[in-house]
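> sequence unknown, structure follows:
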């Protein structure tokens, strides 16, 4: 048991202490009674502006004591070659930065509640975040900060048991379009043929014909290939399936289609299944319930996991909608335009609603890599891609975190625009598994 002195504890205090102590496996209690704290003969720490006469002390910034939002940017510091937030020069403080405010700022995504210039899809871009501007986006700083805190606890309270963690790898797949040509319905199929012919796109025109005549495999049908690699490496992935209505950014075939139902059944035999809410549902939240029900009925699965299509998150509204419709786990916490750690961590954490100033039961699983970043936003060679992701994987291993990556069925298929990406995929899996 660890006793923590806080003069006036708020929901923000409890949220961050629950996260850190829960991760470390430490039971704790909070007191605002100086006499109780002084008389306690158990491991204890104070979190305040000034130290008490007894116990370990951590200097507190004002952030956790606040109940509203302020337009500000934290000061940047450094400790053991790791970027820190909310640095201090208090000699009595066990760490030269406010580890609790720093963790809260990153996990709550505080900066995303402040005014920002959205991209054309309405998203908060990586280039606007504090981590990108200060060159620590590819570093899981929160995991380092918690490690530093744990080392201090072990130094002062060597008998205080801490929970052990192991590195894990979770591959995930977004199924935006299950097939390039197959099972699209008569009108969409004829429309596609006419469009290819009108644009003189003869390669795609004939490929579509060959696929429809069963003379060639659909270029997006990479499922057997995926399943074989997963089985070889004993992986347990999650597939996020698009179940929205056809539109400008929503192209998947309906899960009501019997062939799509068969695919869902096959996927369910190899992996977990989650919803990939449509682009349109981000603008019309009421559609989420319809899409969850549609996927659930077609797959005979209870759908509780989700990842936003286009990684289109609007805080806190996207997550409030998830909670309202029974989603318990989100996998959208990352950027569509860069690799790295959007919330500064490779570990799962609960969503804190800053507008309500309330912790929730929605568990967020951050991803660090999506292959589309290098296809759309950072075109580069396959060798450079692996050089970029390998250090992140190694660092996550050293911190006993979780490496989550996103791939799409089309990037692992046989389309000429994705030629060579299977090699990247296989090498990434080898790096992540060994």
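Received the coordinates, thanks. As the structure is a computational prediction, the values presented were derived from the model and not from experiment. Numbers count the residues shown, from 1 in each chain.
> Quick check, residue 179 in contact with residue 221.
Yes: the pair residue 179 and residue 221 passes the contact test of C-beta atoms under 8 Å, sitting 6.1 Å apart. Quick note: C-beta positions are derived from backbone N, CA and C, even for glycine.
> Contacts only, for residue 122.
By C-beta atoms under 8 Å, 6 or more residues apart in numbering, the contact set of residue 122 is 282, 312, 314.
> And the closest residue to residue 55 other than its chain neighbours, how close does it get to residue 160?
For residue 55, ignoring the flanking residues on the chain, the nearest one in space by C-beta to C-beta, 6 or more residues apart in numbering is residue 44 at 4.3 Å. From residue 44 across to residue 160, the span is 11 Å (C-beta to C-beta, to the nearest Å).
> Comparing the two, which residue is more hemmed in?
residue 44 (23 against 16; other C-beta atoms under 10 Å).
> what pLDDT does that one get?
Looking at residue 44, its pLDDT stands at 96.
> and what of residue 134?
With respect to pLDDT, residue 134 has a value of 98.
> Verify the contact between it and residue 76 for me.
Yes: assessed by C-beta under 8 Å, residue 134 is found in contact with residue 76 at 5.5 Å.
> what sits in contact with each of these two?
Residues touching both residue 134 and residue 76 (C-beta under 8 Å, 6+ apart) are residue 83.
> And the helices in the stretch 51-200 of the chain, which stretches?
With DSSP state H, counting those that start in this stretch as the criterion, the stretch 51-200 of the chain has helices at 99-108, 130-133, 141-156, 186-198.
> Mind jotting down where the helices sit in the stretch 201-350 of the chain?
Along the stretch 201-350 of the chain, counting by DSSP H, counting those that start in this stretch, helices occupy 202-212, 223-232, 258-270, 279-283, 287-299, 317-324.
> Excluding sequence neighbours, find me the nearest residue to residue 323.
Of all residues not flanking residue 323 in the chain, residue 362 sits nearest, at 5.4 Å (C-beta to C-beta, 6+ apart).
> Secondary structure class of that neighbour, three-state.
Put simply, residue 362 is strand when judged by DSSP: H, G, I helix; E, B strand; the rest coil.
> Helix, strand, or coil at the most centrally placed residue in the chain?
Geometric centre of the chain, nearest residue: residue 366, 2.1 Å, by C-alpha atoms, centre = their mean. Secondary structure for residue 366, judged by three-state DSSP, is coil.
> I'd assumed residue 342 was in contact with it.
Yes: using C-beta under 8 Å, residue 366 makes contact with residue 342 at a distance of 6.2 Å.
> where do the contact lists of the two overlap?
Common neighbours of residue 366 and residue 342, using C-beta under 8 Å, 6+ apart, are 333-334.
> mind listing what's buried in stretch 56-67?
Going by neighbour count (16 or more other C-beta atoms under 10 Å), the buried part of stretch 56-67 is 56-61, 63-65.
> Save those as TSV, and put in distance to residue 292 too.
Shown next, in TSV, are the buried residues of stretch 56-67 (distance: C-beta to C-beta, whole Å):
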residue	distance to residue 292
56	47
57	48
58	43
59	46
60	42
61	40
63	36
64	35
65	38
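> now, which of those sits nearest residue 389?
For those, the residue nearest residue 389 by C-beta to C-beta is residue 63; the value is 32.5 Å.
> Now do the same contact list for that closest one.
Each residue near residue 63 by C-beta under 8 Å, 6+ apart is listed here: 12, 86, 98, 101, 104-105.
> now, the most widely separated pair of the residues you listed?
Within those, 12 and 86 form the most distant pair, 13.4 Å apart (C-beta to C-beta).
> quick one: low-confidence ranges for the protein?
Under the criterion pLDDT under 70, the flagged ranges of the chain are 183-213, 215.
> could you redo the last one with a cut-off of 90?
Within the chain, the ranges that satisfy pLDDT under 90 run 53-55, 89, 91, 180-218, 246, 251-256, 375-383, 415-417, 434.
> and it, what are its domains?
Domain assignment for the chain by automatic domain parsing gives 2-156, 168-180+218-433.
> so which of the helices of the stretch 201-350 of the chain gets nearest residue 154?
Taking those one by one with C-beta to C-beta, helix 317-324 is closest: 34.5 Å.
> helices or strands next to the closest one in the packing?
Applying 3 or more C-beta pairs under 8 Å, 6 or more residues apart in numbering; DSSP states H and E, we find helix 317-324 packed against strand 349-353, strand 358-364.
> and that helix, how far out from the chain's middle?
Taking C-alpha atoms, centre = their mean, to the nearest Å, one finds helix 317-324 lying 16 Å from the centre of the chain it belongs to.
> thinking again about what came up before, need the winner for burial among the domains of the chain.
Among the domains of the chain, ranked by average contacts under mean count of other C-beta atoms under 10 Å, first place goes to domain 168-180+218-433 (a mean of 19).
> three-state assignment of residue 46?
Secondary structure state of residue 46, per three-state DSSP, is strand.
> residue contacts, it?
Applying C-beta under 8 Å, 6+ apart, we find residue 46 in contact with 4-6, 37, 52, 55-58.
> what sits opposite it in the beta ladder?
Beta-bridge partners recorded for residue 46 (DSSP bridges): residue 5, residue 57.
> quick one: it from residue 397, how far?
For residue 46, the distance to residue 397 equals 35 Å [C-beta to C-beta].
> Assess the claim that residue 15 and residue 104 are in contact.
Yes: the pair residue 15 / residue 104 is scored as a contact, 6.9 Å apart, by C-beta under 8 Å.
> For the two, list the residues in contact with both.
Common neighbours of residue 15 and residue 104 (C-beta under 8 Å, 6+ apart) are residue 352.
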